[in-house]
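S.K.: Could you look at this predicted model? Sequence included:
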Amino acid sequence: MPDDYVPASDADFDNWQKNKLIPYIIANKVALGVSDATAAALTALQTTWTAAYSAHQTAQSTATSKRQEKDDARAPYAALIRSAVGQMQKNPAVTDTQRAAMEITVPDQTHTPAPTPTSRPVGKIDTSQRLQHKIEFRDENTPTSRAKPAGVAYCELHLFIGTTAPAGPEAMHLQAVDKSAPYLMEFASSDAGKTAWWALRWVNTRGEHGPWSAMVSATIGG
């Protein structure tokens, strides 16, 4: 038997104290030599723990729901922003002063416009830390270098959490944009044991997308 018999995880601890330890102590306190005062203190602290653990579980569930609401709200909003900015960038009446005021890309008139990305990022997931995915991404044409392709501004990372793989990147939500690898994703404890799928693509300085990467997936460690 391990030296520390108290279960490490909250779920295992809750099940053990609720269904095994405390009921047995209360039912056999005389034979075990447990005083009435100790039994009463155990029962009182059990009540405190149960309330706190229940509140914690509710908060975790709410946080996961709110995070998904936030992600679902951001993705179409960001997409519409990019579309609107793309239209403004094509308007010859829009000046660089106006672009600077909006903090959008000011075209470099001395260089050739960035080419549309044609290569794909290759994603690799590091799951060495619990409730974390660290996503390393490099271009398929230069797998030993961290450098992005010419004209690329950042990498889009799309995510899907579930029990079966999504039909494709279109079924995933935009989780983040990152200018340099790696990208660190921290999950809620309620996601432990689930599978996360990732799909990536390059985006150039003009907001043009490259082809999708192959999807990569890994279990979320608890």
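M.R.: Cool, got the structure.

S.K.: rest of the way, CA atoms for contacts and neighbours
M.R.: Will do.

S.K.: So if we follow the domain assignment, how does the protein break up?
M.R.: According to automatic domain parsing, the chain comprises the domains 8-85, 115-219.

S.K.: end to end, how far does the last one reach?
M.R.: So the one you mean is domain 115-219. 36 Å (C-alpha to C-alpha, to the nearest Å).

S.K.: any idea of the mean pLDDT in it?
M.R.: The pLDDT scores in domain 115-219 average 95.

S.K.: Could you do the first one as well?
M.R.: Throughout domain 8-85, pLDDT has a mean value of 91.

S.K.: Please renumber the chain so that the first residue is 40 from this point on.
M.R.: New numbering, starting at 40: the last item is domain 47-124.

S.K.: and the longest helix seen in the chain, what other elements does it pack with?
M.R.: In the chain, assigned by DSSP state H, the helix with the most residues is helix 75-129. Contacts defined by 3 or more C-alpha pairs under 8 Å, 6 or more residues apart in numbering; DSSP states H and E place helix 75-129 against helix 61-66, strand 212-217.

S.K.: Could you point out the helix or strand that follows the first one?
M.R.: Past helix 61-66, heading to the C-terminal end, the next element that is a helix or strand (DSSP states H and E) is helix 68-71.

S.K.: Please report the number of neighbouring residues for the closest residue to residue 127 other than its chain neighbours.
M.R.: Among residues not flanking residue 127 along the chain, residue 133 sits closest, at 6.7 Å (C-alpha to C-alpha, 6 or more residues apart in numbering). By the criterion of other C-alpha atoms under 10 Å, residue 133 has 11 neighbours.

S.K.: The residue nearest the centre of the chain: what's it in contact with?
M.R.: For the chain, residue 224 is the residue whose C-alpha lies nearest the centre (C-alpha atoms, centre = their mean; 4.0 Å). Taking C-alpha atoms under 8 Å, 6 or more residues apart in numbering as the criterion, residue 224 is in contact with 171-174.

S.K.: so it sits in a strand?
M.R.: Yes. Assessed with DSSP: H, G, I helix; E, B strand; the rest coil, residue 224 lies in a strand.

S.K.: Name whatever forms a beta bridge with it.
M.R.: residue 172 (DSSP bridges).

S.K.: Quick check: it vs residue 69, distance?
M.R.: 52 Å.
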